[in-house]
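> Quick one: sequence plus predicted model below, questions after.
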Amino acid sequence: MATRRADDSVRLGIAVDAPPGPLTAPAREDGGRRYINRELSNVEYVNRVLAVAEDPNLPLLERVKFLAIFAGLLDEFFEVRVAGLKDQLAAGLGGTDPAGGSPSDQLRAIRAETEVLVKRRVNALVDVIIPELAGQGIRLSNLDSLDADDREYLENVFEERIFPVLTPLAVDPGHPFPYISNLSLNLAVIVRDPATGERRFARVKVPPLLPGFVVTPDGERFVPLDHVIAAHLGALFPGMEIENHHAFRVTRNADLTLEEDEAEDLLAAVEMELRRRRFGRAVRLEIDAAMTDEVRELLTRELDLGPQDVYVVEGPLDLAGLWAVHGLDRPELKDDAFAPTTPPRLATADDEPVDLFSVIRQGDVLLHHPYDSFATSVEAFIKQASRDPRVLAIKQTLYRTSGDSPIVTALIRAAERGTQVAALVELKARGDEAANVAWARALEEAGVHVVYGLIGLKTHSKTALVVRQEDDGIRRYCHIGTGNYNSTTARLYEDLGLLTVDPDLGADLTDLFNFLTGYSRRTEYRRLMVAPLSLRGSMMALIERETAFGSLGRMVWKMNNLVDAEIIDALYDASRAGVRIDLIVRGICCLRPGVPGLSENIRVRSVVGRYLEHSRIYFFGGGGRGRNGPVTSEHLPVALGAVPDGGEYYIGSADMMPRNLDRRVEAIVPVSDPELCDRLREILEVELADDVLAWELRGDGTWSKVPTVTGLNAQRQFQDLAVERARRRREPDPLNALGRPSGA
């Protein structure tokens, strides 16, 4: 039962007709001094990920994994950000970004930085990692290094599994230049007819559905699939001479562009746009180092690219196949395995599950994933709700979810049992559009009320509401988080969530879901800060309050990205007033720290490690607003104390970017329980003390690794803390058993 929407702008009370412009704020004369360019900051994040792959102290297969992550991040950067700059240039849009760079300036700078990254990638893979893999019996081989038996095996594999899938496409007057799909690996082949001497170009696509490597029977040699195909081109062009062949890869504009206000059915519009996106404009061409000028010029001409769009790469062009190498059963070459633990209050000492509704009624529960198990907390919450005959309704937002989502399955079962279920499925979640379309249809077929989102906005909030009939009336149980309802990424991403039965938050979520699924003009909430309605104003008011405290002010924020110029300017004002500010920014940061007269009191760091840092925590603690005395933990360095006692903590889905504040539906919730605030304080203090995974941002926009002195790895510390909490649950402290519970 899908909700088909007409124009939602009436109930938003905001202008959504025009698409967002290319600039995040009006350019200022001193923009280059005040702000770091967003795109170059993005490239710096990709650089930090590559640096992890280059770290010789990391287990070998973890470095392989980070090379694959690096390549995927760079692909996405070109698909979206570089493509956007090229669109601005093609449309003749003038102006500059807040840092003062025009689209052409930014593209030139990106080109220079990317060339350096490509050279480092080649060095890391070809010169270092491949030889080290060989030393461990994992050989990324070419055909020349194989013996006769392995060559015969590859012949059979080609004939039986590869050849039937291949489709060589010739280019001549009767065969136009073929469409080259996004991120596909291809062979450009020049063939010659020995009878006529005529030379022709042909393209062979390396099938993306086949594994990127062919593994020899001994399990030790990995031969790239494109090498196997290249060695058998004669079978594809019988009777022709193969003059030369070269690998190439094309990146296209992959951003989703919808005329939402003209679409009567958003689901159908997204499906149509997904088909159109296959034909997005080419923005990058990667070629092997041996490609001839003739073939290079032909490709750039046919793809409508210039020399500045071509990147020459030695070694493999497509690193997606490295995931198969990382997946090898070689635990000695990987990080130590870690099993997430069940939060103490959500299981008995014998690891038996508990009645989650009863636990939540006794007090709020803070979850820290992946250290706290997603399966035994959030998934268990939705599963219990789906089976409980007292549950009247379940409402949930779904932005990105896994392919075998237990949560979606639970929602479907709840609807089949007669529970009223409403799901807002954000069809415009970049990279997950097709999966979300499929889930939306499956939910509809089960009788779930499905809403596809709002015109002009993406619904990015991570919220779930369970309405339950109890003996003393109806209660509303809530989950508000920083991460997606995705069981796969919950094991890889660091995130936070709050389970609560707070009446005001229950009322707020009810109003929020009414806003999302019906017609509502509500702009004020009791406790939630909601974008695009109140979040920007609320954050500005909180910053201004800290600014008024002057040198007694204190802010510590943890987020993915900091881009918004108005927020950055407010932080600069606070710094000039004497407020001490620490920012933990995993990805993009456009603020310049440590600039005299502007940001002397601001420090910025980034933590890049095994888990992707994804939670958002906003702490405001100035003015001596103490609460319980200092937090103490035997696991933390004695000299810490970077986060003062007391203050206010907020967690939620929003980063400080224009898109989060103005063009998305986001929810940020205050955390008031003293024990949970102490837990958030511990998280911030550990991240600020990290000197293994941490980087620091300089005022010139470059990042440097924090020198290792104490050897504190924040993510390993959180693993140890989770294990210790689980141990205490199984072996209760007699003193704790008589009094205060041992934590949430």
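Cool, the structure landed.

> Provide a list of residue ranges in the stretch 451-600 of the chain with pLDDT below threshold.
519-522 (pLDDT under 70).

> ok, which stretches of it are strands?
In the stretch 451-600 of the chain, the segments counted as strands under DSSP state E, counting those that start in this stretch are 458-459, 462-470, 473-481, 493-500, 529-531, 554-559, 580-585.

> for these, which one sits closest to residue 50?
With respect to residue 50, and counting by Cβ to Cβ, the nearest of the strands of the stretch 451-600 of the chain is strand 580-585 at 18.0 Å. Every C-beta, even on glycine, is put in place using the N, C-alpha and C of the backbone.

> Sheet partners, orientation included, of the closest one?
Note on strand 580-585: by DSSP bridges, its sheet partners are strand 554-559 (parallel), strand 602-607 (parallel).

> can you put the strands of the stretch 451-600 of the chain in CSV and add mean neighbour count and distance to residue 309?
CSV is the format used below for these (neighbours: other Cβ atoms under 10 Å; distance: least, Cβ to Cβ, whole Å):
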stretch, mean neighbour count, distance to residue 309
strand 458-459, 22, 29
strand 462-470, 21, 37
strand 473-481, 20, 40
strand 493-500, 25, 33
strand 529-531, 24, 36
strand 554-559, 25, 33
strand 580-585, 22, 30
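
> Ok, which of the ones you listed comes nearest residue 446?
Distance to residue 446, taken as Cβ to Cβ, is lowest for strand 462-470 among the strands of the stretch 451-600 of the chain, at 17.4 Å.

> Sheet partners, orientation included, of the closest one?
strand 391-398 (antiparallel), strand 473-481 (antiparallel).

> what angle separates the last one from strand 493-500?
In terms of direction (axes from the mean of the first three to the mean of the last three Cα atoms, to 10 degrees), strand 473-481 departs from strand 493-500 by 160 degrees.

> Show residues contacting strand 473-481.
Applying Cβ atoms under 8 Å, 6 or more residues apart in numbering, the contact partners of strand 473-481 are 357, 360-361, 367, 378, 381, 385, 392, 461-468, 495-503, 505-507, 509-510, 528, 651-653, 667, 669.

> quick one on the thing from earlier: columns distance to residue 473 on top of the strands paired with strand 580-585, output as CSV?
Output for the strands paired with strand 580-585, formatted as CSV (distance: least, Cβ to Cβ, whole Å):
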stretch, distance to residue 473
strand 554-559, 38
strand 602-607, 44
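
> I'd like to know which of those is closest to residue 214.
Using Cβ to Cβ, the strands paired with strand 580-585 put strand 602-607 closest to residue 214, at 38.1 Å.

> Average pLDDT for that closest one, rounded please.
Regarding strand 602-607, the rounded mean pLDDT is 98.

> Stretch 370-383 too?
97.

> can you give me the end-to-end distance of that stretch?
One end of stretch 370-383 to the other measures 19 Å (Cα to Cα, to the nearest Å).

> Give me the buried positions along it.
For stretch 370-383, burial by neighbour count (16 or more other Cβ atoms under 10 Å) applies to 370-374, 376-383.

> Likewise for stretch 36-46?
Quick answer for stretch 36-46 (16+ other Cβ under 10 Å): 36, 37, 38, 39, 40, 41, 42, 43, 44, 45, 46.
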